[in-house]
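**Student:** Mind looking at a prediction? Sequence and model below.
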Amino acid sequence: MLFRSTGWDGRIETAIGGPEPGDADGSFEAARFYRPQGLAMDGDVLYIADTENHLVRAANLVTRQVSRIAGTGRQGRWGDPGGRADETPFSSPWDLALHGRLLFVAMAGVHQVWLVDLDRELAIPYAGSGREARVDGSVEDAAFAQPSGLARDRGSLYVADGESNIIREVALPPVNQVKTLAGGDLFDFGDADGIGDAVRLQHPLGVSCAAGKVFIADTYNHRLKVMDPATRRVRSFAGTGEPGHRDGPAREAQFYEPGGLCATEQTIFVADTNNHAIRAIGLADGAVRTLTIC
């Protein structure tokens, strides 16, 4: 089930789907999802990574209708070449990012980033060989390990490569190159600030961009971190590193496996997964507070 709030008072204005998991298109009331994760907004259309249904759905906020745009509902396997979006099986689509009319999909189940051409209604693998590894290079040769979070900023796509414990940058067409900006490797995790390969993260699941910085949900470290993509320097931004639920100054606040991020120029919104809460961090004052949802 998805909720939409348009104000700081936390009042829910729109609900999409129901309380029980399922797989159904139709009206906002009749639609059903199964563990939806990532979202991308394009005007009045909200694209949804319906993770456990292995689908990408679209919710039209004007007509209040949900429709399937990619995936068959059957879990895909590595090696699928793609084709018509509605005839191509997807595998655990985890997050989404828009670049014009191209919708990038973090396909965690096959360790790749796919794209959906919304105008031509095609879905194809874009980056990643399908091998679970940390390998940089061309989009065809690069390898990911459960890519989970996506964020686009100008000509770059930033990827939280969860199982590799790293943050990647994909230079979008016509460059089409992947490089690692920060973090360790498949079995090289931890909690350390620094530059580039000296940084240690632990299963980061979310990224978001604002003010030229990349904010990172360092999920299993129960922290938020921030990276300067030009220098590859990462520093802790919010959270003590211990799981908990405490508001206040960013460095004293506590989170419990934060998973999703949405950054604006003033505020970072955090899906604080195991606290079942939405937290907001003011970039000006560094204060963390929990939104009251009603």
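**Tutor:** Now that the structure is in, tell me what you want to look at. Please read all numbers here as calculations on a predicted model, not as lab measurements.

**Student:** now the strands: where do they sit in the stretch 101-250 of the chain?
**Tutor:** Using DSSP state E, counting those that start in this stretch, the strands found in the stretch 101-250 of the chain span residues 102-107, 112-117, 122-127, 137-138, 147-153, 156-161, 166-171, 177-183, 194-195, 206-210, 213-218, 223-228, 233-238, 248-249.

**Student:** residue closest to the middle of the protein?
**Tutor:** Taking C-alpha atoms, centre = their mean, the centroid of the chain lies closest to Gly149, which sits 2.9 Å from it.

**Student:** pretty sure it contacts Ala97?
**Tutor:** No. Counting by C-beta atoms under 8 Å, Gly149 sits too far from Ala97 to count as a contact (9.2 Å). Just so you know, the C-beta spots here come from the backbone N, C-alpha and C atoms, and that holds for glycine as well.

**Student:** Now the common contact residues for those two.
**Tutor:** Contact criterion C-beta atoms under 8 Å, 6 or more residues apart in numbering; residues shared by Gly149 and Ala97: none found.

**Student:** Please pull out the lowest mean pLDDT helix or strand from this protein.
**Tutor:** In the chain, the helix or strand scored least confidently by mean pLDDT, DSSP states H and E is strand 2-5, which has a mean of 64.

**Student:** Now do the same contact list for Ser92.
**Tutor:** Ser92 sits next to 51-52, 54, 75, 107-109 when contact means C-beta under 8 Å, 6+ apart.

**Student:** try it again with 10 Å
**Tutor:** 35, 37, 49, 51-54, 75-76, 106-110, 146, 148 (C-beta atoms under 10 Å, 6 or more residues apart in numbering).

**Student:** Count the neighbours of the residue nearest to it when sequence neighbours are not counted for me.
**Tutor:** The shortest distance from Ser92 to any residue other than its chain neighbours is 3.5 Å, reached at Gly109 (C-beta to C-beta, 6 or more residues apart in numbering). Neighbours of Gly109 under the rule other C-beta atoms under 10 Å: 19.

**Student:** likewise Asn176?
**Tutor:** Around Asn176 sit 14 other residues, with neighbours defined as other C-beta under 10 Å.

**Student:** ok, it to Ile167 distance?
**Tutor:** Using C-beta to C-beta, to the nearest Å, Asn176 is found at 18 Å from Ile167.

**Student:** Repeat that for Gly76.
**Tutor:** Separation of Gly76 from Ile167 (C-beta to C-beta) stands at 25 Å.
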